[in-house]
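**Student:** coords please:
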Amino acid sequence: MPSRSPRLACLGLALLVAQRPSAARACDDGEGGPFQLDEAWPADGATDVPTDGVLLFRALSLAGEYPVVAVDLAGVPVDGAVQYWSPGVSLWRATAPFAPDTTYHVAVTGAAGTTELTFTTGHEPAALPAEPILGEVSLEHYRLELRECADAQVTCDCGTWRTLDVEDRMRARVVLPAPPAPFGAFDFVAVELAPGPDQFPAEMVHTQPWPTDGLALELDFGLVGTWPSEQVCARAAAIDPVGHRVDGPPVCLPIADINTPPPSSPAAGCSITPAPAHPLALLFLLALRRRRRQRPRPDRRSR
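**Tutor:** Numbering: from 1, shown residues only. The predicted structure is shown next:
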């Protein structure tokens, strides 16, 4: 892997800016407008609901407050708590599993008021989700601009961006099929990258919601020239809200020229000057010059 040391001084600030959240992201800290219910699982009137004691609520917006959820059994409150599950989806988990063959009442309160529903449990906990199969995996080389806001006053919406540097990076594009049962569109997927089919270290896990708009997931996996093998392997894992996880088969592709750095060029906005002469060489030159000045000149009168 070629050395990048001449650019380290120039990249130091740029990398810090790239890792720092933008002003817009800093203002969007998940405390958006009040929760607005879009969909609930189980739906009103559902039967044979698993007894795990888990309910899911999808919001109209990805950024919103948690809903207020009250669950009761024949008027007796059921203990449980709301927690984050995925962007736009909140999870309510009961303190104890639901009773089998029992009808529960739920009240979900948000910005638009209270939505009420009932469901009836079955006799079994949730089954394992189906094994997820990757529909398509491709690799590409792309250029990432490291930018900072150039506005005089930084707000949540930056009007002008200043490019500090450009990085040559690699990414994988992953297309997934429809999510498996039992939680339908609420399923979660972990897409992992590894140098080999049996090497999926925990730090390479990329957990994202299962896409419902048909778009591919884009997974960045580092600077060009840093991948540790000649191939990239991806694997999807279905993870349901109960905690079940099922790994799909890995798909491996040769990384080929994607991992080859392009010809080096000076970093944007940086100037690289030649390194100064070695201190010992400078001392030698100074001593030589002083010696020349002290050498006695011939006496012209003696001729």
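**Student:** now Leu193: how far from Thr102?
**Tutor:** Per CB to CB, to the nearest Å, Leu193 is found 44 Å from Thr102. Quick note: C-beta positions are derived from backbone N, CA and C, even for glycine.
**Student:** look at the two and report which has more neighbours.
**Tutor:** Leu193 (24 against 14; other CB atoms under 10 Å).
**Student:** can you give me the pLDDT of that one?
**Tutor:** Per-residue confidence (pLDDT) for Leu193: 90.
**Student:** make sure it is indeed in a strand.
**Tutor:** Yes: per DSSP: H, G, I helix; E, B strand; the rest coil, Leu193 lies within a strand segment.
**Student:** touching, it and Gln231? I think so.
**Tutor:** No: using CB atoms under 8 Å, Leu193 is not in contact with Gln231, being 10.7 Å away.
**Student:** if I look at Met204, how far off is Ala46?
**Tutor:** Taking CB to CB as the measure, Met204 falls 37 Å from Ala46.
**Student:** what helix or strand is the residue nearest to Cys233 when sequence neighbours are not counted on?
**Tutor:** Distances taken as CB to CB, 6 or more residues apart in numbering place Cys252 nearest to Cys233, at 4.2 Å, with adjacent residues excluded. In the assignment (DSSP states H and E), Cys252 maps to strand 251-254.
**Student:** how about that strand, which residues are buried there?
**Tutor:** Neighbour counts over strand 251-254 (16 or more other CB atoms under 10 Å) mark 251-252 as buried.
**Student:** flag the shaky bits of the stretch 151-300 of the chain, pLDDT-wise.
**Tutor:** 154, 177-188, 208-215, 264-300 (pLDDT under 70).
**Student:** now do 80
**Tutor:** Along the stretch 151-300 of the chain, segments meeting pLDDT under 80 span 153-156, 176-189, 202-216, 262-300.
**Student:** strands of that one, residue ranges please.
**Tutor:** For the stretch 151-300 of the chain, the strands defined by DSSP state E, counting those that start in this stretch cover 161-175, 188-194, 205-209, 217-223, 231-239, 245-247, 251-254.
**Student:** those strands into JSON lines, with extra columns for distance to Cys149?
**Tutor:** Shown next, in JSON lines, are those (distance: least, CB to CB, whole Å):
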{"stretch": "strand 161-175", "distance to Cys149": "6"}
{"stretch": "strand 188-194", "distance to Cys149": "31"}
{"stretch": "strand 205-209", "distance to Cys149": "27"}
{"stretch": "strand 217-223", "distance to Cys149": "22"}
{"stretch": "strand 231-239", "distance to Cys149": "34"}
{"stretch": "strand 245-247", "distance to Cys149": "40"}
{"stretch": "strand 251-254", "distance to Cys149": "37"}
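**Student:** which of the ones you listed sits closest to Gly88?
**Tutor:** With CB to CB, the closest approach to Gly88 among these belongs to strand 205-209: 7.9 Å.
**Student:** where does the record place the domain boundaries for this protein?
**Tutor:** What automatic domain parsing lists as the domains of the chain is 5-17+130-259, 37-121.
**Student:** quick one: strands adjacent to the strand holding Cys252?
**Tutor:** Within its sheet, strand 251-254 is paired with strand 231-239 (antiparallel), according to DSSP bridges.
**Student:** report the inter-axis angle for the partner strand versus strand 161-175.
**Tutor:** 80 degrees (axes from the mean of the first three to the mean of the last three CA atoms, to 10 degrees).
**Student:** mind listing what's buried in strand 231-239?
**Tutor:** Buried residues in strand 231-239, counted by 16+ other CB under 10 Å: 231-239.
**Student:** what does stretch 46-59 give?
**Tutor:** By neighbour count, with 16+ other CB under 10 Å as the criterion, the buried positions of stretch 46-59 are 49-59.
**Student:** show me where this structure has its helices.
**Tutor:** Using DSSP state H, the helices of the chain run over 8-19, 23-27, 279-294.
**Student:** what about the second one, average pLDDT?
**Tutor:** Mean pLDDT, computed over helix 23-27, is 35.
**Student:** list the contacts for Ser229?
**Tutor:** 195-196, 255 (CB atoms under 8 Å, 6 or more residues apart in numbering).
**Student:** those, buried ones only, as a PyMOL selection?
**Tutor:** Those of these that count as buried under 16+ other CB under 10 Å are selected in PyMOL with:
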select buried, resi 195+255
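**Student:** save the contacts of Ser229 as JSON lines, and put in distance to Val166 too.
**Tutor:** Converted to JSON lines, the contacts of Ser229 look like this (distance: CB to CB, whole Å):
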{"residue": "Pro195", "distance to Val166": "26"}
{"residue": "Gly196", "distance to Val166": "30"}
{"residue": "Ile255", "distance to Val166": "21"}
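**Student:** surely Gly159 is in contact with Ala152?
**Tutor:** No: counting by CB under 8 Å, Gly159 stays clear of Ala152, with 9.8 Å between them.
**Student:** perfect, that will be all.
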